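**Student:** Quick check, what structure comes out for this input:
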Amino acid sequence: MRRLLKILLVLAVLCYVVIQAWFIWPEYGHKLIYRFTISPHVALSRDTVLHRDKLYAGIDKHGNINYLSNGSWINTIAGISAPYITLTNPLSEQKPAFDHILFTSTSTFTSGTGITAVTFSGYSRQHPYLHVSTTYSIFDSATILIHSAITSSKPGVRAWIGDRVRTNTHSIWFYVTGVGDITTGPRDAIAPQMPYIAMIGRANQIIGFYYLGTTPAPDYFFYQWNWIASLFQVKLGTEPFDLSRVISTRSVTGMDYHKVADSQYKNFLCAQSGLTITASPAGIVTDDDKNVRYTVYVHNISGHTQHLTSVVLFTPGNINTSKPYTSISDTLAPGGTSIFAFTIKALGGGDFYIYPAVLVNGNYREGPWTHVFSNGPGWYSADMHNHSVYSFNPEDYPVRDMTEAAHAKGLDILSLTDYNTFSQAAACRAQSTADFLCIPGEEIANPLWGHANAQFIHERVPEYLSPQHWIDDVHAQGGMFFVNHPYLSMRKWTNWNFKGYNGIEILNGNKIPMDPVNVKAFDKWDELNRTGLHLFGIADSDAHTPYAVGRYRNYVFATSFTPSAIEHGFKKGMFYVTNGPLMTFTVNNEPMGSVITVKKGSTLQIHAAYQPYYQAPENAPDLQKILLFKNGYITASSDNSSLDYSYHADKSSFYRVEVFTNDGGFAASNPIWIDVKNE
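**Tutor:** Numbering: from 1, shown residues only. Got it, this is the predicted structure:
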């Protein structure tokens, strides 16, 4: 009997471990098994975040780009292979097999001109005689240069080589210039001009592939439900086959796709024309309302004369410049430098970027982005649900990797909420600087109840108790309690009858904004607030890797950039959620999160506005619409950049706003509650 009890006890422990691995961390269960089956001599590279100014690329252990952004938040792109290789004829009925590359060595460097690059070298797992070396270089604020050299120790190997793009959804517009819309119609004749350009995107978000040098135009395009491949048929030998191309990501408006491709390629040619731009000061930290001199230097490093006709300074809405546009007529001799001076001033606190552009020989050339941080009253960006190696998963990353990626992507605040622990707190706080805060928290995870975030706490909350104990413990510590991803598969929140939670994660970084998982969370948020609760909505990336940080963020208003002021802003509900667009929302000039007490029949003045990140209209995504919700139901809308609405208060209610832009941008305010007396 005792032996049977021991066996049952062992089985119970094993079942608990399996449940923890599958239900609490379901997305990693298969990775734990996979990791132990990899050959021990293969040195796996960690994910690498490449960043220069505002372009970020996360590269996984196989050399694939799994994150690519220049601030336009292309949520539908899941990854880009590097390179795609198959020995299966794509014209046959057999599906081409993706040839995984095992990279055995990496090297990273930063050149004197600030170009960051990483090189991966290795071989094909399926065909070890195929050797691959791929170098990624961040060229400018929207461009990665990629060079792959593929060789074979067996001569005369026929292969199809190109690029493969994975997407998070099939509801995406695919377009390949010169070949036609492959999702709806037959191929056109392949464009004869070189380099060849292929593009993929949704609405006005574009990723462009530019194949350079002697690489032929792709002779095959393979499309399935959620990925597309452009392939070249080549014969491989000991001489390397060079696949040199540019990947560019930009947000564009008012242009058809052929013009977009032409414009992007011309920009790239201009960048290659021998003109460089520098600016100073760089990485400045300035006090609120202080004038700073900003100088742009244009250098002609080519052997011919350059003709400059204008210089434009692109700034966000809360950076003021007295002279954003300068018309000039300047002939710049080889080796010469032109200097242009601007005065900039922060109109409020926050973290933002500015950059110059020069019109030279009829083409715009973008200069480097400059980081501007102002410590004063203003809106600060925060990603409040992320993980590090303290989540006890061998696939997760050190605290420093996560915070450096967050800082590089323009986040002011990162919260590391590791599973059922607060042991990361010291390492997290040690990464805080004058313009960046790391705030520790905890994701409380239990397969019986679901997941929740404990914010602004100072010690661990035990996960084995009931959620009501979690909530009471968090409040006893003076913290905030948020229900995480309540409708995410296998991690759903199972009971809404507990009392005292502060809010709901209405956007989770594993899904795009309009995914049913997030839409259901919005609906539940409105439903609960209609019962009289005052719940806040929060958006987070739920990142386990550096390249996933910053997929969603919250802009919180604080009187200064200090932990106590940031905490106060969140507790007051003075924040909104976004994947890019900025916004404002007030009722009777009171901010988000407010409770306004009025008499019955009083007039409510409601104002909401979309704020493009840049003042320059040609660089801002087109606004699609602003929606005003009353008690969770649409009550007014606007196709303009602002919405103004008057309403006579009759019953207690709450209002909130959603903003949509044509490039897939989405933002949503927290509610403003109206308490009507004498009802």
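
**Student:** going forward, measure contacts and count neighbours with C-alpha atoms only.
**Tutor:** Will do.

**Student:** Surely residue 293 and residue 321 touch.
**Tutor:** No. Using CA atoms under 8 Å, residue 293 makes no contact with residue 321, being 9.9 Å away.

**Student:** which of the two has more neighbours?
**Tutor:** Between residue 293 and residue 321, counted using other CA atoms under 10 Å, the more crowded position is residue 321 (19 against 12).

**Student:** sorry, back to before: now do the shared contacts for residue 293 and residue 321.
**Tutor:** Taking CA atoms under 8 Å, 6 or more residues apart in numbering as the contact rule, residue 293 and residue 321 both touch 342, 343, 344.

**Student:** Filter those residues down to the buried ones.
**Tutor:** Neighbour-count burial (16 or more other CA atoms under 10 Å) applied to the shared contacts of residue 293 and residue 321 gives 342, 344.

**Student:** For the stretch 401-550 of the chain, just list every one of the helices.
**Tutor:** With helices called from DSSP state H, counting those that start in this stretch, the stretch 401-550 of the chain shows them at 425-429, 467-476, 516-530.

**Student:** Just tell me which of the ones you listed ends up closest to residue 445.
**Tutor:** Checking those against residue 445 by CA to CA gives helix 467-476 as the closest, at 10.0 Å.

**Student:** What residues of the closest one count as buried?
**Tutor:** 467, 470, 471, 472, 473, 474, 475.

**Student:** Check stretch 90-105 too.
**Tutor:** 90, 96, 99, 100, 101, 102, 103, 104.

**Student:** same question, stretch 228-246
**Tutor:** Buried-residue list, stretch 228-246, by 16+ other CA under 10 Å: 228-233, 236-237, 241-246.

**Student:** Please name the nearest non-neighbouring residue to residue 557.
**Tutor:** residue 379 (4.4 Å; CA to CA, 6 or more residues apart in numbering).

**Student:** How about the contacts made by residue 386?
**Tutor:** If you count contacts by CA under 8 Å, 6+ apart, residue 386 has them with 414, 415, 416, 417, 418, 540, 541, 542, 543, 544, 549.

**Student:** tell me which element the residue most central in space within the chain falls in.
**Tutor:** Nearest to the geometric centre of the chain sits residue 551, at 3.5 Å (CA atoms, centre = their mean). Per DSSP states H and E, residue 551 falls between elements, in no helix or strand.

**Student:** Against residue 507, how distant is it?
**Tutor:** Distance of residue 551 to residue 507, given as CA to CA, to the nearest Å: 10 Å.

**Student:** Same check on residue 428?
**Tutor:** Residue 428 sits 24 Å away from residue 507, going by CA to CA.

**Student:** okay, the closest residue to residue 150 other than its chain neighbours: pLDDT?
**Tutor:** With CA to CA, 6+ apart as the criterion, residue 150 has its nearest non-adjacent residue at 4.7 Å, and that residue is residue 132. Looking at residue 132, its pLDDT reads 92.

**Student:** same check, this time on residue 115
**Tutor:** On the pLDDT scale, residue 115 gets 64.

**Student:** for the contacts of residue 386, which one is nearest residue 611?
**Tutor:** Each of the contacts of residue 386 was checked against residue 611 using CA to CA; the closest is residue 540, at 20.9 Å.

**Student:** Neighbours of that closest one, how many?
**Tutor:** Neighbour count of residue 540, defined by other CA under 10 Å: 29.

**Student:** any idea how far residue 677 is from it?
**Tutor:** Going from residue 540 to residue 677 by CA to CA gives 36 Å.

**Student:** so where do the helices sit in the chain?
**Tutor:** 2-19, 29-37, 257-271, 399-408, 425-429, 467-476, 516-530, 563-571 (DSSP state H).

**Student:** mean pLDDT lowest for which of those helices?
**Tutor:** helix 29-37 (a mean of 23).

**Student:** rewinding a little: right, and the residue nearest to residue 557 touches residue 554 too?
**Tutor:** No. Counting by CA under 8 Å, residue 379 does not reach residue 554; the two are 9.3 Å apart.

**Student:** Tell me which of these two has more neighbours.
**Tutor:** Comparing residue 379 with residue 554 by other CA under 10 Å, the one with more neighbours is residue 554, at 29 against 26.

**Student:** okay but the more buried one is in contact with residue 539, surely?
**Tutor:** Yes. Residue 554 lies in contact with residue 539 (CA under 8 Å); the separation is 6.2 Å.
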